[in-house]
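Participant: predicted model and sequence follow; I will ask about them next.
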Amino acid sequence: MFKITLLPGDGIGTEVVNSAVKVLKLIGERFNTEFEFNTQLIGGSSYDVNGTPLTDEVLGECYNSDVVFLGAVGGPKWEDLPHNLKPEAALLKLRKALGLYANLRPAKVYTPMLSYSSLKDEVLKGTDVMIVRELTGGIYFGQPRGYDEEKGFNTMIYSKEEVERIARTAFELARLRNKKVTSVDKANVLEVSQFWRKVVIEVHKNYPDIQLNHMYVDNAAMQIVRDPKQFDVLVTSNLFGDILSDIAAMITGSLGMLPSASLGSKYALYEPVHGSAPDIAGKNMANPIAAISSVSMMLKYSFQMDKAAEVLETAIESVLEKGYRTKDISKDEDNLVSTDEMTNKIIEEFEKIFAKEALNVFTL
Ligand code: NAD
């Protein structure tokens, strides 16, 4: 049995988490796995009830579960609150409390979505990159930092342990994929990058089955746009990862399609990349694919249910292939569907693919 703490949050967060749960319930039935759901408040909806966007009790529930699944937080209603009470503060607190140092952002192109990208089909087709961004160290946290009338300054610093653990995460992930890691740094200019590279090479000695190469960050930015297919797992620091993951995401399509995972040594958090989308909240218009793809990541990386993840990904691709689209990704000729309809279509396809695969097993 797997215990999942659900944190739907605000706006479309609740709608897309509903979709994710529907899908998970079906997968539980089909793969004989029990998922226990425990729904808790986070963000503005927590502030309204508890006067804080994340209570210690909810954190305690997260500590007691196998994984946390989050929708999104925020909205205009809470915009004027002091910084520490804003819904978004809950996210930072949660990530920190769970020690989530590795942020995984896949940039995978579904073939039916090729024409939605700014890149040419032949450049993009077959792209499947996993960006592994160090999330709790580097220049965003380094001391000293500050500014005065004359200067502004930050410190990019990494300890050996911080680089070792993110490198291990990248190599382990590559083992589940195409066994190739590209470590991105700026070792031609920055000492912190020279150190990063040295440690990554050291960790790599334990992963002789994985191919490792190094790339400067400016070149990596160009290569993601020029030839994204060359990458399998790309591992990098907090600052570089922040920028590269957005570049990689945008070549593949819409915000409503992007899943993510944040992993620590003990805990894991899965969430769509998008926010609470107040402009479409409550209208049954949100694209649930980012959340449902986050389920697929959860199945693969936390529950080792690779087959279920694969069937789910195929179901999403198949629904897109048939032309079903939520508004954010629709063109004139498409079949426009609501959040619920898109979820049900994915469930129908999942059932079909599952039944076909089961038949294959019986007829072998
Ligand atoms: P947003 O991601 O919520 O929305 C940006 C645009 O994309 C909007 O037009 C929205 O309608 C559209 N969009 C986003 N997700 C979609 C989906 N699944 N289906 C269809 N369309 C989708 O970003 P924003 O408008 O800058 O922020 C809104 C609120 O969300 C703010 O309070 C912000 O702080 C918060 N936010 C939260 C998270 C999070 O919880 N992880 C992330 C980003 C922003």
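Facilitator: Yep, that arrived.
Participant: and whichever residue of the stretch 151-300 of the chain sits closest to the ligand, helix, strand or coil?
Facilitator: Closest approach of the stretch 151-300 of the chain to the ligand (C-beta to the nearest ligand atom) occurs at residue 275, with a separation of 2.4 Å. Using the backbone N, CA and C atoms, a C-beta is placed for each residue, glycine as well. Secondary structure state of residue 275, per DSSP: H, G, I helix; E, B strand; the rest coil, is coil.
Participant: what about the closest residue in space to it that isn't next to it in sequence, distance to the ligand?
Facilitator: Nearest residue to residue 275, sequence neighbours excluded (C-beta to C-beta, 6 or more residues apart in numbering): residue 72, at 5.0 Å. Between residue 72 and the ligand the distance, using C-beta to the nearest ligand atom, to the nearest Å, works out to 4 Å.
Participant: kindly report the same for residue 106.
Facilitator: As judged by C-beta to the nearest ligand atom, residue 106 and the ligand stand 16 Å apart.
Participant: following element in sequence after the helix or strand hosting that residue, please.
Facilitator: Remark: residue 106 resides in strand 102-108, with elements defined by DSSP states H and E. The first helix or strand that comes after strand 102-108 along the chain, using DSSP H and E, is helix 121-124.
Participant: which residues of the stretch 101-250 of the chain fall in helices?
Facilitator: With DSSP state H, counting those that start in this stretch, the ranges of helices along the stretch 101-250 of the chain come out as 121-124, 160-175, 191-204, 217-226, 238-252.
Participant: just send those helices back as TSV, with distance to residue 298 and mean neighbour count too.
Facilitator: Below are the helices of the stretch 101-250 of the chain laid out as TSV (distance: least, C-beta to C-beta, whole Å; neighbours: other C-beta atoms under 10 Å):
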stretch	distance to residue 298	mean neighbour count
helix 121-124	26	15
helix 160-175	14	20
helix 191-204	26	18
helix 217-226	25	16
helix 238-252	19	20
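Participant: those: which one's closest to residue 99?
Facilitator: Minimum separation from residue 99 across the helices of the stretch 101-250 of the chain (C-beta to C-beta) falls at helix 160-175, 10.1 Å.
Participant: who does that closest one touch, helix- and strand-wise?
Facilitator: Using 3 or more C-beta pairs under 8 Å, 6 or more residues apart in numbering; DSSP states H and E as the contact definition, the elements that helix 160-175 packs against are strand 102-108, strand 128-134, strand 180-185, helix 191-204, strand 233-236.
Participant: helices and strands around the second one, which ones?
Facilitator: Going back to what we said before, that points to strand 128-134. Identification of packing neighbours for strand 128-134 by 3+ C-beta pairs under 8 Å, 6+ apart yields strand 102-108, helix 160-175, strand 233-236, helix 238-252.
Participant: reformat these as TSV; add mean pLDDT and distance to residue 207.
Facilitator: Shown next, in TSV, are the helices and strands packed on strand 128-134 (pLDDT from 0 to 100; distance: least, C-beta to C-beta, whole Å):
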stretch	mean pLDDT	distance to residue 207
strand 102-108	94	16
helix 160-175	97	4
strand 233-236	98	11
helix 238-252	91	20
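Participant: out of these, nearest to residue 128?
Facilitator: strand 102-108 (4.6 Å).
Participant: which strands border the closest one, and is each parallel or antiparallel?
Facilitator: Paired with strand 102-108 in the same sheet, following DSSP bridges, are strand 128-134 (antiparallel), strand 259-263 (antiparallel).
Participant: and those strands as JSON lines, adding mean pLDDT and mean neighbour count?
Facilitator: Listed next are the strands paired with strand 102-108 as JSON lines, based on pLDDT from 0 to 100; neighbours: other C-beta atoms under 10 Å:
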{"stretch": "strand 128-134", "mean pLDDT": "96", "mean neighbour count": "24"}
{"stretch": "strand 259-263", "mean pLDDT": "96", "mean neighbour count": "24"}
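Participant: which bits of the stretch 1-150 of the chain sit near the ligand?
Facilitator: By the criterion of C-beta under 6 Å from any ligand atom, the positions of the stretch 1-150 of the chain lying close to the ligand are 12, 72, 73, 74, 75, 88, 91.
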